[in-house]
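Visitor: Okay, predicted coordinates and the sequence, questions at the end:
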Amino acid sequence: TVPFSHIGAHVDLRVTDTMLEVYRNDERLTSHLLLPASTTNQYQTNDADLPEGRSFQAWDRSRIDEWAGRMGPATVTVISKIFEAASIEETGYDPALAVLRLSRRFSPTRVEAACALALRGPIRSPRYAHLRPILDTGQDKTGHVPDEPEADDGGYVRGSAYYAGGTR
């Protein structure tokens, strides 16, 4: 990471086998030891690069669970299922936050109702892509999810003249 005061600035990177250095013009902003090449799904941040005080607070499982708890038990269950499906806890943060951020567009009550409705369906781990259509179509207000998708009328079927070599 780069010190927060330089966010958005254009920088140059110097990368070696063991170190990453960040320069702005001729000034070295920071340097980081790189994790071994065999390391996967991990990150490293220098605490000195973060803003002081509570202006920056990283998301973690407890903050996500707390937000879900304020919305309701069905939302807590959806968030728990998202984390159960994640092989690494950090990979569950984005999908969980996407669900919780639905409360910015829809009321928390509606998001809770959508979560409850989604949990009654066949999807084992409902996510944003499942909840957003429920909210967009107002199914959370009626409590009814169609059992099957609308029937397809079969589309366009060519007549026998087409296959017989007649005019097209």
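Guide: Received the coordinates, thanks.

Visitor: can you give me the helices in this protein?
Guide: Counting by DSSP state H, the chain has helices at residues 61-71, 73-85, 93-100, 102-105, 108-120, 128-137, 139-142, 160-163.

Visitor: So which of those is nearest Glu27?
Guide: Closest approach to Glu27 among the helices of the chain is made by helix 93-100 (32.9 Å; Cβ to Cβ). Heads up, the C-betas are built off the backbone N, CA and C, glycines and all.

Visitor: tell me the mean pLDDT over the closest one?
Guide: Predicted confidence along helix 93-100 averages 92 (mean pLDDT).

Visitor: Just the buried residues of that helix, please?
Guide: With burial defined by 16 or more other Cβ atoms under 10 Å, the residues of helix 93-100 counted as buried are Tyr93, Pro95, Ala96, Leu97, Val99, Leu100.

Visitor: rewinding a little: now tabulate the helices of the chain in TSV and tack on distance to Thr16.
Guide: Formatted as TSV, those follow (distance: least, Cβ to Cβ, whole Å):
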stretch	distance to Thr16
helix 61-71	35
helix 73-85	37
helix 93-100	30
helix 102-105	43
helix 108-120	47
helix 128-137	40
helix 139-142	53
helix 160-163	67
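
Visitor: Measure how buried the closest residue in space to Arg110 that isn't next to it in sequence is and give me the count.
Guide: Spatially, and ignoring its direct neighbours in sequence, Arg110 is nearest to Asp140 (5.1 Å; Cβ to Cβ, 6 or more residues apart in numbering). Burial measure for Asp140: 24 neighbouring residues, criterion other Cβ atoms under 10 Å.

Visitor: do the same with Thr18
Guide: 10.

Visitor: quick one: contacts for it?
Guide: Leu33, Leu34 (Cβ atoms under 8 Å, 6 or more residues apart in numbering).
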